[in-house]
Structure formats: structure tokens, C-alpha cells
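Chemist: Below are the sequence and a predicted model for it; my questions follow.
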Amino acid sequence: MKISHVRSPPNGGQMAEVKFLEESVPAVVGETLLDHAQRTDAAFKEIAATCDGQGVCGECVVLITAGADALTRPTEHEEAVTAAGNEDPEGAYRLACQATVADSTVDIEVATFRRNLRILSHGSGSEHVQLAPRVQTDGDAVRIGDVAVSYSGGDVLGLALDVGTTSVVAELVDLTSGATVATTSFENPQRFGGSNVINRITYDRTHRLLLQRVLVSHLNAAIAELPCARADILEVVVAGNPTMRDLFFGLDVQPIGLSPFLSVTETEFRAGHRTATSLDVPAAELGLEINPSGRVYGLPLVACHVGADAAAGMLVSDIWSSDAPVLFLDIGTNTEVLLGNRHRVLAASSPAGPAFEGAGVTFGMPGLEGAIESIRLEDGTARWSTIGGGVPRGICGSGLVDLLGELVRTQRINHFGRFADGSGSMTVAPDQGITFSDRDIAEIAQAKGSNYGAQMILMKEFGISVEDVGRLYLAGGFAEYLDVAQAQRIGMIAAVAEDRVVKLGNASLQGARALLKNESLRFELEERAPNVEHVRLEQDPDFFDLFVDGMQFPAVS
């Protein structure tokens, strides 16, 4: 028997086994998955278990993608990760220290949160940041602000952190030179709590602080693999949407899920009990294993579901210095939309959902190896390419946009997203049985409709048309691999002229890095963020009509 970590498609075998990463180990009845992982150093490093396998920390979450029936039934310690409503289409969540092999004749496939998910770990926006960090050195002495800290005399480092709903990216920066030392990334291990922020808010209500503990534990494991001593990291700067940021800091996120959808920091700021919505706490308070005197700074929020990642995007796009209106989109499960110039900035959050990450689409999948990422239709046949160049396993977000764009171009779907020939579906990869149906189109149509409606409402509020947009900035991992022409063809993003569209890459990480390198930018962002006008999409009388319009597909002229 083998237990396989599905970083790549499992290789068949005559005897059942358990494979972690690229290593397989024979499964032994009566041993836990954690026991098996400990036989491979690489696998064990990817599974956090600070309670030494007692089942009480809840950190060693893994996803069983095949062979779940060959394991013992979940124990009472696993109730939190097998909670109703948090099922994953790829498999079942278990605690590695509790899931025990019961059948040695069935292969078991195990995925940790360090799969080869295509995670964007760089930003391409312009960054001219004067090096003036909060962490200062004076000979052998080191200060964080005005506070002297214990230091052993090694490198002086900081960590820029982008905590996304789907992925986490950390960049190690030398604070004496400003140079990037290393970058690491992994899937957000909070995924077992739901695929979107609303699910995670609900989950945190009944399993308080478990999501925070799991995320910090995985981050600590990632920090341990960086080319530095933990004590050399003196500060961490964190960007993320309001829910992800506040979960990381261990704050109560329930108010974000209820009208008027405010973080506790925003409520306190509006009441005059704090000077900004930013956060600044000791790293030890969060359980983050860096220098014992280290600090963690969280970027300020804009408003409601428009968070610190959007604040970072405003900084990177330099929206405040533009005369012409600038449109900024960070497309994801929640799409942040900004529109403005040096006179006025509007912001909105569009709950697009996880359809473009494959959720709800029959053969949809995240950006893993084997995902179809690009498609063209030639003589009615789909010609595709996959991430990694191998056999297709499904279709990721960029591939879904390509496919829809081609169906519109060839007029194989009508205005309402139905196959014009009445077939209800098409075959994308016949050898693998991968198809695409009317129902799949409907899932994606809702996501794009939400994005379209948000853009149109902000332009209406600002008093401009698409032709007036001087620059369209696209941020985030999904946008980086997006064919802009196809996205515009299906009516997902505004039809701004191609020479005005700029892909920024990971603007959230880039903004966090800028604030890590220059403390004064924090004060500027804290001052500007409250002046952004937040637009509540659901309160606009035209939103439903624009949403419905956005769900439909433009005719080819």
C-alpha cells in the first residue's frame, strides 16, 4: 500500500503505499499518517504538529484525495477539521496524527499545503523606495523604533507577508541593503475552514483561534527553511484582506461578516479609540517564531471588505499622483476594485467567489501541475497547454477564461451562456474525459458578473466612461496569467485599450515590502486610507441590473 502526496499525479504500483511529496513508503496498519510522514524528512517538514501528535493543537491538517476509506474513522479530536459545511471537492480533511491506516490493500493519497500550486511571489510595479526601515542599527545595537532589542549580531532582516485567502507568500528582506534574500510560499492552510472569507468567519466563530494557530504554525515551518537564523528576523509586515489580516492577528472576525461589515479595528477607529486601523503587536504574542523582541505590523484597512491588500495596491499603483482616472483590480475570491486619481479615490469589494479557482466547475481546479491554463479552439477542437506540460487533470482560472473567450469568438455559446447547438456541453480533453457544460458556464458567469458590476458602478459614481480610464492596473496571481483580450471579450474586465493595461503582479506583497523598507510610508498610508470613499455595491440601485448584465456574454461584432 502507498500513501501518496499529490504534488504530482500518483504513479501506479502493484503494492499499496503512502507517498508524501515524491517519496512513497509502504503503509503499515495501525500507524498514523504522521508516522508515515516522519519516515520522509521532506514530508515531515510540511506537516506541523506542535502537540507531538496528541491531536490537541489541530495543526497537522492534511487533505486525503484518495483512499480515505482505508483510514480509521475520524476521532473526536478531528471534529474541528471535519466540520459540516467545510467539505472540499478534492477530498476529505484529516489530522495526520489521528488518521490511522486500517487497510493495507488500498493506495492512500495525501496532500499537504505545500503542493505545487502556482503562487505569484513577485510584483512588477515600479518601486522606488528610500531605505529607511523601522529597524535601525547603530554599531552592535539594534532598535525597533525607539526600543533597543536583544540581538546576537547577525544579519538584520525583515519579512514582508501577503496572506491571501488561497495562498501565503513571504519575502525575506535585508534591512541594511534593501535586497531581497529569499521568497517562500504555500497554500493557505486555513482552507479546511472554507474556500472564502464568509465560510472562514463562520468557522472561526465555532472554532475560535484554530485558523490563526494553524496559519502561524505553517508560517513558522516556512520561516525555519529560510536561509537565516530566526533571531535575525526583527519585523514582519502583513498585508491581506480584512478577514485574512484579522485572523492572522487573532482578532474577532465576526463583525466583518455582519452588516455593516467592519473590522473591530475600523469600529474602534471610527469611535476615536485608535489613530489608525493598522496593527502593531509583539511577534511573541502571535506565536510567531522570529526574534523574541520582534514586532508585527499589519497594514491599515480601507473600509469593510476592502482591506490591507487594497491599501498596498494603492501604494504600488501610486493612484494618488495621477491626473487621469486609474482603475485598479485585484481579482480573486473577493475582488478589490479601486478607481481614482489625485483628487478622489473610490473603493469597493466584489464577492466574486472561488469559481475562477475551479470551485463549482465540474473539471475546475487550482493552478496546480496538470491544470489546463491556455485554450484555443481550432476547427471546433480544443488545443490546450497545461501547467508543467503534462497530461491535463482539469482547467484552472486562466484556462476557463480562455475557453469562454473562444466560445464567444466562435459563437458556440449565445448571449446567455448556453451552447448554441443545444448540446449543453463540449469535450475539452477527450482522452481524459474533461468536459465543459452550461452549468459550468453559469458558475463562472456569476463571478464575472459581480466583477463587471463593481467596475461599472465605480465608473458611474466617478462620472466617467471606460474611454476616460487612463490606466487599468491588474494585480494578483490570477490576473498575472490572464489573457486580457479574452477577459475583455467575455465582459469580465473593462474594455480599456490594451496599451493602457498594466499587470502589477503581487501588489499586496510589494506594498508590504515597501512599508517594511520605509517606515514613513506607513504613516502616509494610514493618513490616506480613511479618505478613500467606500462604495457599498449592494446599496446601489443599479447593482442588480449591472450584475445580471455582467453575467451575460457580449455578441461578437
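Modeler: Perfect, thanks for sending it.
Chemist: Okay, buried residues for stretch 239-256 please.
Modeler: Counting neighbours by 16 or more other C-beta atoms under 10 Å, one finds that the buried residues in stretch 239-256 are 239-251, 253, 255-256. C-beta coordinates here come from the backbone N, C-alpha and C atoms, glycine included.
Chemist: Also stretch 197-208?
Modeler: Quick answer for stretch 197-208 (16+ other C-beta under 10 Å): 197-204, 207.
Chemist: in terms of contact, does residue 244 touch residue 162 like I think?
Modeler: No - applying C-beta atoms under 8 Å, one finds residue 244 not in contact with residue 162, separated by 9.2 Å.
Chemist: in the stretch 251-400 of the chain, which spans are strands?
Modeler: Counting by DSSP state E, counting those that start in this stretch, the stretch 251-400 of the chain has these strands, from start to end: 279-282, 295-298, 326-330, 335-340, 345-350, 371-378, 381-386, 394-395.
Chemist: what's the angle between the fourth one and strand 345-350?
Modeler: Calculated by axes from the mean of the first three to the mean of the last three C-alpha atoms, to 10 degrees, strand 335-340 forms an angle of 160 degrees with strand 345-350.
Chemist: partners of strand 335-340, with directions?
Modeler: According to DSSP bridges, the neighbouring strands of strand 335-340, each with its direction, are strand 326-330 (antiparallel), strand 345-350 (antiparallel).
Chemist: ok, now the second one?
Modeler: Strand pairing for strand 295-298, determined by DSSP bridges: strand 233-240 (parallel), strand 279-282 (antiparallel).
Chemist: Least confident secondary structure element in this structure?
Modeler: Using mean pLDDT, DSSP states H and E, the weakest-scoring helix or strand in the chain turns out to be strand 3-5, at a mean of 53.
Chemist: quick one on the thing from earlier: filter the buried residues of stretch 197-208 down to just the ones in helices.
Modeler: Using DSSP state H, the members of the buried residues of stretch 197-208 that fall within helices are 197-204.
Chemist: Now flag whichever of those residues is closest to residue 33.
Modeler: Here the nearest of those to residue 33, counting by C-beta to C-beta, is residue 203; it sits at 22.5 Å.
Chemist: Assess the claim that the closest one and residue 195 are in contact.
Modeler: No - contact between residue 203 and residue 195 fails when scored by C-beta under 8 Å: they sit 11.1 Å apart.
Chemist: how many neighbours does residue 18 have?
Modeler: Using other C-beta atoms under 10 Å as the criterion, residue 18 is surrounded by 30 other residues.
Chemist: From residue 195, how far out is it?
Modeler: Residue 18 sits 26 Å away from residue 195, going by C-beta to C-beta, to the nearest Å.
Chemist: One more: residue 36?
Modeler: For residue 36 relative to residue 195 (C-beta to C-beta), the value is 28 Å.
Chemist: More neighbours: which of these two?
Modeler: A count of neighbours by other C-beta under 10 Å puts residue 36 above the other of residue 36 and residue 195, at 27 against 22.
Chemist: could you say which helix or strand contains that one?
Modeler: helix 33-37 (DSSP states H and E).
Chemist: what's that helix in contact with?
Modeler: Applying C-beta atoms under 8 Å, 6 or more residues apart in numbering, the contact partners of helix 33-37 are 3, 18, 20, 25, 27-28, 43-44, 46-47, 49, 53, 60, 62, 71, 94, 96-97, 99-101, 108, 110.
Chemist: Among those, which ones are in helices?
Modeler: With DSSP H as the criterion, helices contain 43-44 from among those.
Chemist: Of the contacts of helix 33-37, grab the buried ones for PyMOL.
Modeler: The PyMOL command for the buried members of the contacts of helix 33-37 (criterion: 16+ other C-beta under 10 Å) is given here:
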select buried, resi 3+18+20+25+27+43+44+46+47+49+53+60+62+71+94+96+97+99+100+101+108+110
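Chemist: Now stretch 50-68: buried residues?
Modeler: Applying a neighbour-count criterion of 16+ other C-beta under 10 Å, one finds 50, 53, 55, 57-68 buried in stretch 50-68.
Chemist: any chance you could map the strands in the stretch 401-550 of the chain?
Modeler: Shown for the stretch 401-550 of the chain, the strands assigned by DSSP E, counting those that start in this stretch span residues 425-429, 434-437, 471-475, 501-505, 533-534.
Chemist: quick one, domains of this structure?
Modeler: 3-111, 135-298, 308-352+444-551, 355-439 (automatic domain parsing).
Chemist: can you tell which of the ones you listed is closest to residue 128?
Modeler: Proximity to residue 128 (C-beta to C-beta) singles out domain 308-352+444-551 among the domains of the chain, at 9.5 Å.
Chemist: Regarding the residue lying farthest from the centre of the chain, what are the backbone dihedral angles?
Modeler: For the chain, the residue at maximal distance from the C-alpha centroid (C-alpha atoms, centre = their mean) is residue 139, at 39.8 Å. When read as degrees, to the nearest 10, the backbone of residue 139 gives phi 70, psi -120.
Chemist: list the contacts for it?
Modeler: Counted by C-beta under 8 Å, 6+ apart, residue 139 has zero contacts.
Chemist: going forward, begin numbering at 370 instead of 1
Modeler: Noted, 370 is the first residue going forward, which turns the last one into residue 508.
Chemist: I'm done for today, thanks for sticking with me.
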